[in-house]
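Visitor: Sequence plus predicted model, see below.
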Amino acid sequence: MIKLKTPNFEVCNNRKIKYIIIHYTDMKTLSSAIKRLQSKVAKVSCHYIISKKGTIYQLVNEKDIAWHAGISKWGKDINLNDKSIGIELDNNGFEDYPNKQIKSLIKLIKKIKKKYKIRKNRVLGHSHIAPDRKIDPGPKFPWKVLNRNNLSNLY
Ligand SMILES: [Zn+2]
């Protein structure tokens with residue numbers, strides 16, 4: 001795990017983490033995606049970003065609020081940034097997710113899920129919580145693999 005800095009977060013000391021939200025970066029390269037997640041102008045961030053090789057970078061502490069979900073809703077919950085951990089995957093939206101990347105994602109989700117006792121039906125994609133605006137992590141994302149690992153109930 002490699003720690004990076006970003007100005008894009010809100011300090012918080014008592015939030016309840018109920019969701020894990022998965023994204024793709026929609027960028028051509030990892031470095032351009034990280035640059036954007038660190039840009040004061042873009043005002044976006046996530047807790048973790050995972051490279052194609054499976055390296056995990058942390059940008060925001062889990063206790064703090066990262067800016068990845070935007071206007072979003074799931075059940076009675078709105079604005080899920082407050083209640084979630086956001087994970088970005090380096091992917092331009094059209095390519096397959098390499099095994100190494102998914103392996104690291106699974107490890108990370110297992111750890112977070114256990115730590116905050118998150119139910120598997122609250123491991124979601126950006127597209128689930130903002131269906132009018134977002135399609136990530138997209139049709140290439142292997143929900144079945146997460147499912148097999150008991151980390152999701154999506155297909
Ligand atoms: Zn997203």
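Guide: Thanks, I have the structure now.
Visitor: Now the spatially most central residue of the chain: which helix or strand?
Guide: Centroid-nearest residue in the chain, with Cα atoms, centre = their mean: Ile87, separated by 1.9 Å. Using DSSP states H and E, Ile87 sits in strand 84-89.
Visitor: quick one, the helix or strand just after that strand and strand 84-89 angle?
Guide: Downstream of strand 84-89, the next assigned helix or strand under DSSP H and E is helix 99-116. Counting by axes from the mean of the first three to the mean of the last three Cα atoms, to 10 degrees, helix 99-116 lies at 170 degrees to strand 84-89.
Visitor: Residues in contact with helix 99-116: which ones?
Guide: 17-18, 20, 22, 48, 50-56, 62, 85, 87, 89-91, 118, 120, 123, 142, 145-146, 149, 151 (Cβ atoms under 8 Å, 6 or more residues apart in numbering). C-beta: built from backbone N, CA, C; applies to glycine.
Visitor: Keep only those of the residues you listed that are in strands.
Guide: Of the contacts of helix 99-116, the ones assigned to strands by DSSP state E are 20, 22, 48, 50, 56, 85, 87, 89, 123.
Visitor: Show me the two of those that sit farthest apart.
Guide: Taking Cβ to Cβ, the two most distant members of the ones in strands among the contacts of helix 99-116 are Ile56 and Val123; they sit 16.6 Å apart.
Visitor: Looking at these two now, which is surrounded by more residues?
Guide: Val123 (24 against 16; other Cβ atoms under 10 Å).
Visitor: That one and the ion, how far apart?
Guide: 14 Å (Cβ to the ion, to the nearest Å).
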